[in-house]
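S.K.: Generate coordinates for the sequence data below:
(2 chains)
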Amino acid sequence: MTTPRLVPDAIRKETLLRAPIERVWSAISDSTEFGNWFGARFDGPFVAGRTLQCRVAPTLVDPEVAKLQEPHEGVPFEIIVETVEPPRRLAFRWYPMDFEPGIDLSKAPTTLVTFELEERADGVLLTITEAGFDRVPLEQRARAYEQNEGGWSHQAKLIETYLAAQG
Amino acid sequence: MSIARLTSGSRVTRQAVRKHLRVLEAAGLVRGARRGRESIWRLEPPRLEEARRALDRIATRWDAAIERLRRQVEE
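M.R.: The predicted model follows:
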């Protein structure tokens, strides 16, 4: 039985990128390119069915954000690539938060991150969806995002501050 | 709010509502208190707020990542 939706179970973001679809697809589907803007290093290409070991790395596209990411450089995480359908769809699973060491990750809930590309007259409509939050226990969400000093919540706050300062 | 009030006017059975409430209680979103033969249920706003804030933070992270992708692909 699923919990009724008092809290959304997915995040959805749409953006129009003014670039050819091949360029956008490359930035999404090539793990090195993806890592360059996202801010991570992957130990292999995005191939459906593969589990990749990853590490946080400062982004190459924005030196100021990179500086903010530096404290978290090297933090390891894992993704499981689910779908690679050029040039329209890529999806992977990951664990949406940091876990205590020793936790059995095979039992931990994952979220599914999907990138969908749609060619438009003036560019590429990119839709990013992260889904599956309803399966993440609230205690875990609250603990990870409220109290985790070294994790993504801290990083998100720094980025918020950076973005706010840009005006 | 009691289960009687929750189910009045709807086709959902009391049993179904009770089951839903137990799931929500396990998730920390509602709290039930016994009052005589009935249980009275109330929402737990702080937990809902925490959950929403957690999602907001993740959404903000994605906004920032999208801007970095834009820098990479747009010229």
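S.K.: Give me the buried positions along stretch A:81-94.
M.R.: Under the neighbour-count criterion of 16 or more other CB atoms under 10 Å in any protein chain shown, stretch A:81-94 has A:81-82, A:84, A:87, A:89-94 buried. The C-beta positions use only the backbone N, C-alpha and C, and glycine is treated the same way.
S.K.: Out of these, which is nearest to A:Asp43?
M.R.: Checking these against A:Asp43 with CB to CB, the nearest one is A:Val81 at 12.0 Å.
S.K.: Pull the number of nearby residues for A:Val124.
M.R.: Counted with other CB atoms under 10 Å in any protein chain shown, the neighbours of A:Val124 add up to 22.
S.K.: That one - that's part of a strand, no?
M.R.: Yes - using DSSP: H, G, I helix; E, B strand; the rest coil, the assignment for A:Val124 is a strand.
S.K.: Quick check: phi and psi at B:Arg31.
M.R.: Note on B:Arg31: its backbone torsions stand at phi -130, psi 140 [degrees, to the nearest 10].
S.K.: For chain B, what lies in contact range of chain A?
M.R.: For chain B, the residues in contact with chain A (CB under 8 Å from any CB of the partner chain) are B:19-20, B:23-24, B:27-29, B:43, B:47-48, B:50-55, B:57-75.
S.K.: and with 7 Å instead?
M.R.: With CB under 7 Å from any CB of the partner chain as the criterion, chain B comes near chain A at residues B:19-20, B:23-24, B:27-29, B:47-48, B:50-52, B:54-55, B:57-66, B:68-74.
S.K.: Who are the packing partners of the longest helix along chain B?
M.R.: Scanning chain B for the longest helix, with DSSP state H as the assignment, gives helix B:45-73. Applying 3 or more CB pairs under 7 Å, 6 or more residues apart in numbering or on different chains; DSSP states H and E, one finds that helix B:45-73 contacts strand A:10-17, helix A:21-29, helix A:31-38, strand A:123-131, helix A:138-142, helix A:152-166.
S.K.: Go again with 6 Å.
M.R.: For helix B:45-73, the elements it packs on are strand A:10-17, helix A:21-29, helix A:31-38, helix A:138-142, helix A:152-166, judged by 3 or more CB pairs under 6 Å, 6 or more residues apart in numbering or on different chains; DSSP states H and E.
S.K.: what angle sits between it and strand A:123-131?
M.R.: If you take axes from the mean of the first three to the mean of the last three CA atoms, to 10 degrees, helix B:45-73 sits at 150 degrees to strand A:123-131.
S.K.: distance between helix B:45-73 and the chain's centre?
M.R.: 18 Å (CA atoms, centre = their mean, to the nearest Å).
S.K.: try stretch A:13-33
M.R.: For stretch A:13-33 - counting by CA atoms, centre = their mean - the centre lies 14 Å from the chain centre.
S.K.: ends of it, how far apart?
M.R.: End-to-end distance of stretch A:13-33 (CA to CA, to the nearest Å): 20 Å.
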